[in-house]
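Visitor: need a 3D model of the sequence below.
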Amino acid sequence: MERKIVLCVIMFWLSTTCMGCTAHSWYEGVKETKRQDCYKLQSASERNRCLEEVDGASYDQYKRERDQMIKEDGEK
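Guide: Numbers count the residues shown, from 1 in each chain. All right, here's what the predicted structure looks like:
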C-alpha cells in the first residue's frame, strides 16, 4: 500500500515537472519548422525578414504575452 502511494506521488511529480518542458519543447519545435520554411524562400530580403520574425520572440516572451491574453480574456 505504502509503495503504491510513493509511486503515485512520484508519477504526479514527474508529470507536473515535465509539462513545462514539453510546452517549451513544442514552442521551439514550431519555431524550427517555421525557420526551415524561411530558408525555402527565394528572395534574400524575404528570407531575412521571415527569420527575424521567427527568431524575434523567446519562449519566455511568448509565455508572458499568452498569459496576459488569457488573463484579459478571463476578465471579460
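Visitor: just give me the neighbour total for residue 43.
Guide: Number of residues near residue 43 (other C-beta atoms under 10 Å) recorded here: 9. Where you see a C-beta, it was placed from the backbone N, CA and C, and this is true even at glycine.
Visitor: and residue 57, which of the three is it?
Guide: coil (DSSP: H, G, I helix; E, B strand; the rest coil).
Visitor: burial check on it, number of neighbours?
Guide: 14.
Visitor: before we move on, what about residue 49?
Guide: Per other C-beta under 10 Å, the neighbour tally for residue 49 reads 13.
Visitor: for residue 30, give its distance to residue 49.
Guide: 18 Å (C-beta to C-beta, to the nearest Å).
Visitor: repeat that for residue 28.
Guide: 21 Å.
Visitor: equivalent analysis for residue 2, please.
Guide: For residue 2, the distance to residue 49 - C-beta to C-beta - is 60 Å.
Visitor: what of residue 29?
Guide: Counting by C-beta to C-beta, the gap from residue 29 to residue 49 is 22 Å.
Visitor: got it, and residue 67?
Guide: 28 Å.
Visitor: just give the nearest non-adjacent residue to the residue nearest the centre of the chain, would you?
Guide: Centroid-nearest residue in the chain: residue 27, 2.8 Å away (criterion: C-alpha atoms, centre = their mean). Excluding its sequence neighbours, the residue lying closest to residue 27 (C-beta to C-beta, 6 or more residues apart in numbering) is residue 59, at 4.9 Å.
Visitor: how many residues are close by the one you found?
Guide: When neighbours are counted by other C-beta under 10 Å, residue 59 registers 14.
Visitor: next: residue 46.
Guide: Counted with other C-beta under 10 Å, residue 46 comes out at 11.
Visitor: in terms of helices and strands, where is it?
Guide: helix 44-55 (DSSP states H and E).
Visitor: now do the next helix or strand after that helix: distance to the chain's middle.
Guide: The helix or strand immediately downstream of helix 44-55 is helix 59-75, counting by DSSP H and E. Averaging C-alpha positions (C-alpha atoms, centre = their mean, to the nearest Å) puts helix 59-75 13 Å from its chain's average.
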